[in-house]
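Participant: Got a sequence here, can you build the structure:
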Amino acid sequence: MERDEKELCYQMLNQTGRSFSMVIATLGDQFQYSTCIFYLVIRALDTVEDDMTIPLDTKLLLLRTFQQKLYVPGWNYRDSRSKDAVVLHNFHVISSQFRRLDKAVQCVISDTCRRMAAGMAIFLEKGFVIDTFQEWNEYGRCASGLMCLGLTRLLEPFKPISSQREQLAHSLGRFLQKMNIIRDFKEDTDDRRRLWPREVLVRTGNTHLTVDDLLQRANQQAALRCLNYLIGDALTHLPDVLLYLNAIQTPTVFPFWAIPQVMAIATLERCYNNPQVFEGKVKILRGGTAMIVQNCTDMATTKDLLRIYALKIVARMECAGSSDEAKDFLAVLKTSGVLYSD
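Facilitator: Numbers count the residues shown, from 1 in each chain. Presented below is the predicted three-dimensional model:
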């Protein structure tokens with residue numbers, strides 16, 4: 001029975017988080033399965049948040065009580081129509097395996113789940129609309145920064161988490177979440193999730209438009225200005241990403257953290273000034289993904305990859321006529337050590 005449940009959990013991981021499954025595979029036996037269960041719990045929570053077929057009142061109640069469901073044998077939710085609904089339909093299996101983990105691991109997962117759910121509920125109550133960059137940063141912390149902090153606690157169980165390390169984990173998560181929000185703009189907007197901050201319209205001189213208007217071909221230039229501005233904002237987290245990665249003292253967990261960061265900047269490079277963002281999801285080419293996975297083995301090679309994609313973004317900025325933005329980003333790269341100063 002337990003073996004069948006473990007196999008089903010790995011199947012759900014591969015089905016709902018192929019990229020995450022790939023990085024989990026880089027972990028040793030000590031952390032691989034507990035990280036799998038961590039992911040599935042948070043994926044189930046995300047599915048409640050994202051599934052727009054679930055009535056708002058039901059969704060808020062589920063979020064606010066979701067942590068408790070981890071300790072209710074047999075509980076699942078069968079009414080989701082999301083593409084990732086399998087994790088809710090089979091949540092009784094996930095929670096059964098969760099309760100078999102060490103108590104300390106359960107505490108990390110449960111606490112992360114509780115804190116993320118509380119943040120998600122706040123944004124749901126305001127209609128899944130983000131107005132300001134301050135809200136965008138807070139949503140990034142709730143949706144991904146807290147998970148990165150939880151994973152830090154999970155993968156560094158004997159190392160106290162300093163306040164600086166906590167802030168770096170939050171920044172790491174914001175970088176990943178902002179990339180997801182930028183890349184998934186059309187899908188989110190089609191599903192009535194307005195996750196691009198409306199303040200970007202003000203900062204780019206497009207106050208006559210709404211965020212939804214950016215999908216109209218007639219507004220392509222305004223849309224690209226907003227896109228490029230948000231990518232520039234996401235890239236401000238790069239120095240913290242370098243600081244976080246540089247502080248990892250366990251070589252066996254380094255690829256787990258490094259691969260998603262390099263994939264994120266590679267995705268942002270593909271998105272920069274790219275009108276396809278407003279037509280569908282822009283992805284890294286399969287060969288590029290394989291190259292990143294194979295080479296993110298230590299800090300030196302990871303920094304080399306970050307440098308390659310960062311310079312490609314600089315080139316895109318210059319081609320788009322954003323020479324001042326390119327100069328500012330180059331300064332950030334030199335300060336963070338991605339590029340060497342002249």
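Participant: Every contact and neighbour count from this point should use C-alpha atoms.
Facilitator: OK.
Participant: Low-confidence regions, this protein specifically.
Facilitator: Applying pLDDT under 70 to the chain flags the ranges 1-2, 340-342.
Participant: Assign a three-state SS to residue 158, would you?
Facilitator: When classified by DSSP: H, G, I helix; E, B strand; the rest coil, residue 158 comes out as coil.
Participant: Can you get me a residue count around it?
Facilitator: Counted by other CA atoms under 10 Å, the residues lying close to residue 158 total 8.
Participant: Residue 79 now?
Facilitator: 11.
Participant: Excluding chain neighbours, what is closest to it?
Facilitator: Among residues not flanking residue 79 along the chain, residue 54 sits closest, at 7.6 Å (CA to CA, 6 or more residues apart in numbering).
Participant: Where do the strands of the stretch 101-250 of the chain begin and end?
Facilitator: Remark: no strands are assigned in the stretch 101-250 of the chain by DSSP state E, counting those that start in this stretch.
Participant: Pull out the buried residues from stretch 220-238.
Facilitator: 220, 222-232, 234-235, 237-238 (16 or more other CA atoms under 10 Å).
Participant: what does that stretch contact?
Facilitator: Stretch 220-238 has contacts (CA atoms under 8 Å, 6 or more residues apart in numbering) with 171-172, 174-175, 178-179, 182, 200-201, 204, 206, 214-215, 268, 272-275, 325, 329, 332, 336.
Participant: circling back: assign the residue nearest to residue 79 to helix, strand or coil.
Facilitator: Assignment for residue 54 (three-state DSSP): coil.
Participant: so who does it touch?
Facilitator: 48, 79-80.
Participant: Which of those sits closest to residue 316?
Facilitator: Within the contacts of residue 54, the smallest distance to residue 316 is 37.2 Å, found for residue 48 (CA to CA).
Participant: out of everything not next to it in sequence, what's closest to that closest one?
Facilitator: Excluding its sequence neighbours, the residue lying closest to residue 48 (CA to CA, 6+ apart) is residue 59, at 6.3 Å.
Participant: which phi and psi does that neighbour have?
Facilitator: phi -60, psi -50 (degrees, to the nearest 10).
Participant: Next, count neighbours for it.
Facilitator: Neighbours of residue 59 under the rule other CA under 10 Å: 18.
Participant: so how far is residue 51 from it?
Facilitator: Remark: distance between residue 59 and residue 51 (CA to CA, to the nearest Å) = 9 Å.
Participant: for residue 112, same thing?
Facilitator: Per CA to CA, residue 112 is found 20 Å from residue 51.
Participant: out of those two, which sits in the busier spot?
Facilitator: residue 112 (22 against 18).
Participant: from memory the more buried one sits against residue 150, does it?
Facilitator: Yes. At 5.9 Å, residue 112 and residue 150 qualify as touching, with contact defined as CA atoms under 8 Å.
Participant: what sits in contact with each of those two?
Facilitator: By CA under 8 Å, 6+ apart, no residue touches both residue 112 and residue 150.
Participant: And residue 192, its phi and psi?
Facilitator: phi 70, psi 30.
Participant: Apologies, that question was intended for residue 53.
Facilitator: Backbone torsions of residue 53, given as degrees, to the nearest 10, read phi -90, psi -10.
Participant: Correct me if wrong: it contacts residue 85.
Facilitator: No. Counting by CA under 8 Å, residue 53 stays clear of residue 85, with 11.4 Å between them.
Participant: ok, those two, which is more surrounded?
Facilitator: Of the pair residue 53 and residue 85, residue 85 is the one with more neighbours under other CA under 10 Å, namely 20 against 13.
Participant: ok, now how distant is the more buried one from residue 284?
Facilitator: When residue 85 is compared with residue 284 (using CA to CA), they lie 26 Å apart.
Participant: what about residue 291, how many residues close to it?
Facilitator: 11.
Participant: For it, pull up the helix or strand it's in.
Facilitator: According to DSSP states H and E, residue 291 maps onto helix 286-295.
Participant: Please name every helix or strand in contact with that helix.
Facilitator: helix 254-271, helix 299-319 (3 or more CA pairs under 8 Å, 6 or more residues apart in numbering; DSSP states H and E).
Participant: Only the buried residues of it, if you could.
Facilitator: For helix 286-295, by 16+ other CA under 10 Å, it's 289, 292-293, 295.
Participant: tell me the contacts of residue 278?
Facilitator: So residue 278 contacts 185-186, 214-215 (CA under 8 Å, 6+ apart).
Participant: Could you check what's spatially nearest to residue 323, not counting adjacent residues?
Facilitator: Leaving aside its sequence neighbours, residue 323 sits nearest to residue 317 (CA to CA, 6+ apart; 6.5 Å).
Participant: which residues touch the one you found?
Facilitator: Contacts of residue 317 by CA under 8 Å, 6+ apart are 272, 323, 325-326.
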